[in-house]
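J.: model this:
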Amino acid sequence: MKFSDTPLPNIRRQFFTALVLGVVATPGFLPVGEWCAWIAYPASCLPILASSGLIALWQRAPGGQAAFMLGFAFGLGLFGGGIYWIIIALTTFGGMAIGVAIFVMAVLIAYLSLYPALVGYIAVRFFDGTKRLFVFPALWGFSELLRGWLLSGFPWLSLGYAQALPSPLAGYIPLGGVYFAGVISMVISVCLVSMLSRNNLKIIAGATVIAVIHIVGFWLTQIEWTYPTEKSLAVSLIQGNVPQNIKFDLAFRDETYTRYRKWTEQSQGRLVVLPESAFPDFADMVPDEEVVALREMGVKRNTDFLVGMFTRRFDPDKAREEYFNSVVSIGASQTQLYRKRHLVLFGEKIPLEDWIAPIMNALIAIPLAGQSSGDDQQPPFAVAGERVGISICFEDAFGAEQIERARASTLLANFTNDAWYGRSIAAWQHHRIASMRALESGRPLLRATNTGITSIINHRGQVVARLPWFEEGILEGEVTGRSGNTPYLRWGDWLAFYFLLTLLLIALIGRKRRE
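T.: Numbering: from 1, shown residues only. Here you go, the predicted structure:
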């Protein structure tokens, strides 16, 4: 039966169902357990159940073309409902015309929807029967790995991000990372679909696999892969809550410095963390009195301040200045500098800059859009008796890129400004993503943000304390650094890759034998 032979009302109904399933999955990527603990695990199941529904639709698809469109519809629901907030940055703070912003968003969502679409097409077009049950998780995992790398990568809404504690699947994250947990999620989805058949053997096999996955996952959550260092560390995280529309306004500049001076003077921690671009100036333009005040406080109190700001340097090869989104340490320890490595494509880094930059500048006003990337090899900060691995904003979405730094660190710190996205779900999704870096590495994470969500996250990815959203304040707490490596810090995403490859080979061998 061909796609064109399928009755039109049935096609529309299936596409609408796939679209709704994509939307249904999106709440699973929010830290709903922080609002209502008893719904945390059910919420983590939503992406698995939604994927099960998609697989069931794929299994009934009359051909590869229909499977492609079903996967595309699912992607439209998932990404349309999950990253709609980008339009807030484009229009409210970027000044882009609403019509142009809608077009840009449509192109981005359509691009991201191609990944589940291709999974469905390849699985249905080239495999049949039981072999598809091995192919679906394998192809989905490969698609997420590819999406997290191609065109600088956009790993947002990867299935594994839904599986934080108390989900038993959280146990697989320090073992093989978020992508590995995502593949395990798809295996469960496949088993649920297989259990819908009238074949008792498939029902028993599916139920057994799901039970084993959960039992092993629960056992893995009990393992302490890393060990604590000797002493706890008092920390202070400052949330300036500077509105994005005036953050880089020269008229508000003095108020920004006054605000952060007030909170740094009140801070009690030996390590004090200020958010991304807390000082809205280049380092060489920050008022001398602000730097002197922090240095004197640091020496007097044996404190180190980590401050987000921009830095620049002249590149003689390019005959122009380069700009960097940076973090600088000021205080009792030696001054250290980190420059952001993984930039947001088109937001911070413009490809083919000589050609595309004039077009971008005509469409949208983003401060310092043409930034440069920092060096790949940047050691952790040696501050307050700890080794602190630094990441800035979007960098924390790339677990593999954090591995080398996390190995050398006892503590992680992320500097973020999610004010670009207003009061949307973006900040909560980003908060969940950041917590996975703590779980993968077995390191506590300090997360300082401009408007929220500023938080202290333990080595199991659980939020110990956080500040209210869109409120100015300071979060005081204690953390204990940790040493040792989780399996993920040793193997990275290779465990997930080889698991995917094994599933795919099983399906290919089965297909070859049938032929």
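J.: Now do residue 507: how many residues are near it, please.
T.: Residues near residue 507, counting by other Cβ atoms under 10 Å, number 22. C-betas here are computed from N, CA, C, even on glycine.
J.: wouldn't it be in contact with residue 126 here?
T.: No: Residue 507 is beyond contact range of residue 126, at 9.2 Å (criterion: Cβ atoms under 8 Å).
J.: If you drop the residues flanking it in sequence, what lies closest to residue 290?
T.: Computed as Cβ to Cβ, 6 or more residues apart in numbering, the closest residue to residue 290 that is not its neighbour in sequence is residue 257, at 5.6 Å.
J.: nope, residue 83 is what I meant
T.: residue 156 (6.1 Å).
J.: circling back: now for the residue nearest to residue 290: which residues touch it?
T.: Residue 257 is in contact with 279, 287, 290, counting by Cβ atoms under 8 Å, 6 or more residues apart in numbering.
J.: any idea how far residue 116 is from residue 136?
T.: Here the criterion is Cβ to Cβ, to the nearest Å. By it, residue 136 lies 10 Å from residue 116.
J.: And the longest helix along the chain, what's buried?
T.: As far as residue count goes, and with DSSP state H defining each element, the longest helix of the chain is helix 98-126. Buried residues in helix 98-126, counting neighbours by 16 or more other Cβ atoms under 10 Å, are found at 101, 104-105, 108-109, 112-124.
J.: Which other helices and strands does it contact?
T.: Packing partners of helix 98-126 (3 or more Cβ pairs under 8 Å, 6 or more residues apart in numbering; DSSP states H and E): helix 40-60, helix 64-82, helix 86-88, helix 130-147.
J.: Mean neighbour count and distance to residue 413 added to those, as a markdown table?
T.: Shown next, in a markdown table, are the helices and strands packed on helix 98-126 (neighbours: other Cβ atoms under 10 Å; distance: least, Cβ to Cβ, whole Å):
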| stretch | mean neighbour count | distance to residue 413 |
| --- | --- | --- |
| helix 40-60 | 21 | 26 |
| helix 64-82 | 24 | 26 |
| helix 86-88 | 19 | 25 |
| helix 130-147 | 22 | 27 |
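J.: so can I have JSON lines of the ones you listed showing distance to residue 283?
T.: Below are the helices and strands packed on helix 98-126 laid out as JSON lines (distance: least, Cβ to Cβ, whole Å):
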{"stretch": "helix 40-60", "distance to residue 283": "42"}
{"stretch": "helix 64-82", "distance to residue 283": "36"}
{"stretch": "helix 86-88", "distance to residue 283": "29"}
{"stretch": "helix 130-147", "distance to residue 283": "35"}
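J.: Indicate which one of those helices is closest to residue 462.
T.: With Cβ to Cβ as the measure, helix 40-60 is the member of the helices and strands packed on helix 98-126 nearest residue 462 (10.7 Å).
J.: Taking their axis directions, that closest one and helix 64-82 sit at what angle?
T.: 160 degrees (axes from the mean of the first three to the mean of the last three Cα atoms, to 10 degrees).
J.: in the stretch 301-450 of the chain, which spans are strands?
T.: 304-315, 320-331, 337-339, 381-383, 386-392, 411-416, 445-449 (DSSP state E, counting those that start in this stretch).
J.: Contacts for the fifth one, please.
T.: In this case it means strand 386-392. Identification of contacts with strand 386-392 by Cβ under 8 Å, 6+ apart yields 229, 233, 271, 276, 306, 308, 325-327, 338, 340, 378, 380-381, 402, 405-406, 408-416, 437, 443, 446, 481.
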